[in-house]
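Student: Sequence first, then the predicted structure, then my questions.
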Amino acid sequence: MLPAVAASAAHVRTGYRNAVEARVDRLADHGRPRAIVVAGMGGSGVAGDILAAVVGNGAPLPIVTVRSYQLPGWVGATDLVIAVSGSGDTEETLAVATQAVRRGCTLLGVGAPDSPLEAIATQASAVYVPVPVSGPSRANLWLLSVPPIVAAAALRLVQVDADLFERVAAALEDMAHRCRPTSESFINPGKSLAMDLAESVPMIWGSSPAAAVAAYRLACQLSANAKYPALHGELPDVGHHQVAALDGPLAERDIFADTSGRTLKLVVLRDVEEHPQVTRRREASLRAARERDVPVTELTAEGEHPLERMAGLIGLGDYASTYLALGYDIDPTPVSAITEVKARISQ
């Protein structure tokens with residue numbers, strides 16, 4: 001898993017190159033769609049969240065991520081469906097891609113070459129971006145996430161170019177250097193965050209749509225890599241429910257206890273582009289947590305473009321979840337519980 005995370009920069013470059021070579025710009029021939037629906041499960045589904053955050057609130061159309069077997073009833077021939085599957089054979093994504101073809105939607109497929117998903121796209125004369133996925137889909141996030149962004153740029157929904165993707169790759173390379181295994185914990189941000197999260201029940205909040213994607217990704221990675229539970233959410237919404245946990249039993253700390261139990265931990269992922277009222281709510285929530293002696297970790301995104309800031313926070317979280325797994329002597333790569341559930345369904 002560590003080499004896979006370290007390959008994130010290369011994945012950005014490869015994802016961009018493969019999207020250009022697959023001629024995703026052909027999607028513009030159909031005109032601007034009424035809506036974009038991204039179908040994907042697990043790590044592949046995060047590609048839709050990243051796309052929506054990159055395009056931003058100023059988008060002239062809705063961007064929706066579907067994590068199920070069924071397309072919404074309103075999706076039709078004027079819409080673009082982007083089916084993303086690292087393996088190319090995710091049953092939920094294949095079901096949605098098949099429905100999209102039947103309804104006459106424009107289809108873009110992103111996934112493994114020579115896969116069932118590519119077969120569906122080929123039969124429908126749709127654009128398909130084959131990406132060299134290796135290992136679990138969650139370890140190939142950028143291979144799967146970059147092609148939809150390139151497609152959105154072709155539709156003139158967002159301004160991105162090769163220089164931006166190179167800056168993102170450079171930021172991920174820098175993160176890989178800082179989080180390398182030989183780097184000591186006190187200067188390694190990935191190991192430091194893992195130590196902060198250990199023996200806690202983390203609530204991970206993002207202060208913007210981009211930061212909220214990183215918060216969701218971190219919660220997913222903690223589950224998949226470290227087999228560790230976490231809550232996630234976006235400000236200001238979490239200020240209307242999760243913040244109440246600051247007065248709950250997990251927020252209480254017994255300094256005289258012989259062993260330390262798992263206590264609440266607040267992790268806030270900050271973005272430089274915050275709504276002024278979100279900034280006030282974030283500051284008030286952090287103050288409330290500190291007044292109750294709830295441990296707080298605050299991380300600030302860096303970079304000019306939302307994609308750069310997202311990539312930095314996601315890269316850090318990917319390393320932290322992997323190091324937390326190793327700290328608990330857990331192999332972060334296999335997901336036996338997921339495999340078991342899939343096997344039971346297939347029986």
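Tutor: Nice, I can see it. Since the structure is predicted, the reported quantities are computational estimates derived from the model, not experimental observations.
Student: longest helix of this protein?
Tutor: What stands out as the longest helix in the chain, according to DSSP state H, is helix 306-327.
Student: what comes into contact with the helix or strand that comes right after that helix?
Tutor: Using DSSP states H and E, the helix or strand that follows helix 306-327 in sequence is helix 336-346. Contacts to helix 336-346, defined as Cβ atoms under 8 Å, 6 or more residues apart in numbering, come from residues 224, 227. To be clear about C-beta, it is placed using only N, CA and C from the backbone, and glycine gets the same treatment.
Student: In CSV, list the C-alpha atoms belonging to helix 336-346.
Tutor: Extracted in CSV, the C-alpha atoms of helix 336-346 (Å, rounded to 0.1, in the frame of the first residue of the first chain):
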residue,chain,number,x,y,z
SER,A,336,-11.3,-9.7,4.0
ALA,A,337,-14.6,-8.5,5.4
ILE,A,338,-15.5,-6.9,2.0
THR,A,339,-14.4,-10.1,0.2
GLU,A,340,-16.5,-12.2,2.5
VAL,A,341,-19.6,-10.2,1.9
LYS,A,342,-19.1,-10.2,-1.9
ALA,A,343,-18.7,-14.0,-1.7
ARG,A,344,-21.9,-14.5,0.3
ILE,A,345,-23.9,-12.3,-2.2
SER,A,346,-22.6,-14.3,-5.1
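Student: Just give the number of residues close to the closest residue to R34 other than its chain neighbours.
Tutor: The shortest distance from R34 to any residue other than its chain neighbours is 4.2 Å, reached at T78 (Cβ to Cβ, 6 or more residues apart in numbering). Using other Cβ atoms under 10 Å, T78 has 14 neighbouring residues.
Student: re earlier: show me how far the longest helix of the chain is from its chain's centre.
Tutor: Centroid separation between helix 306-327 and its chain, computed with Cα atoms, centre = their mean, to the nearest Å, is 10 Å.
Student: Likewise for stretch 6-13?
Tutor: The answer for stretch 6-13 is 15 Å, by Cα atoms, centre = their mean.
Student: avg pLDDT for it?
Tutor: On average, the pLDDT along stretch 6-13 is 97.
Student: Give the residue spans of the stretch 201-347 of the chain that score low on pLDDT.
Tutor: Filtered on pLDDT under 70, the stretch 201-347 of the chain yields the residue ranges 253-261.
Student: in it, which spans are strands?
Tutor: 231-234, 263-270, 296-300 (DSSP state E, counting those that start in this stretch).
Student: circling back: from the contact counts, what lies against the longest helix of the chain?
Tutor: helix 2-6, helix 8-21, helix 46-55, helix 141-154, helix 162-178, helix 189-197, helix 209-226 (3 or more Cβ pairs under 8 Å, 6 or more residues apart in numbering; DSSP states H and E).
Student: Please work out which residues outside stretch 304-316 touch it.
Tutor: By Cβ under 8 Å, 6+ apart, stretch 304-316 touches 5, 8, 12, 50, 53-54, 56, 141-142, 149, 160, 164, 167-168, 171-172, 175-176, 179, 189-190, 193, 210-211, 213-214, 217-218, 269, 271-273, 299, 301-303.
Student: Let's see that with 6 Å instead.
Tutor: Stretch 304-316 is contacted from outside by 8, 54, 164, 167-168, 171-172, 175, 189, 210, 213-214, 217, 269, 301-303, using Cβ atoms under 6 Å, 6 or more residues apart in numbering.
Student: Only whichever of those residues are buried, select them in ChimeraX.
Tutor: Of these, the buried ones can be selected in ChimeraX as follows, counting by 16 or more other Cβ atoms under 10 Å:
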select :8,54,164,167,168,171,172,175,189,210,213,214,217,269,301,303
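Student: on that earlier part again, out of the strands of the stretch 201-347 of the chain, deepest packed?
Tutor: strand 263-270 (a mean of 23; mean count of other Cβ atoms under 10 Å).
Student: Please save the CA atoms from that one in CSV.
Tutor: Taking C-alpha atoms only, strand 263-270 is exported to CSV below (Å, rounded to 0.1, in the frame of the first residue of the first chain):
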residue,chain,number,x,y,z
THR,A,263,-12.0,9.0,23.2
LEU,A,264,-13.5,11.5,20.8
LYS,A,265,-11.0,13.3,18.5
LEU,A,266,-11.9,16.3,16.3
VAL,A,267,-10.0,16.6,13.0
VAL,A,268,-10.7,19.7,11.0
LEU,A,269,-9.5,20.0,7.4
ARG,A,270,-9.4,23.7,6.5
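Student: Which strands or helices does it pack on?
Tutor: strand 200-206, helix 209-226, strand 296-300 (3 or more Cβ pairs under 6 Å, 6 or more residues apart in numbering; DSSP states H and E).
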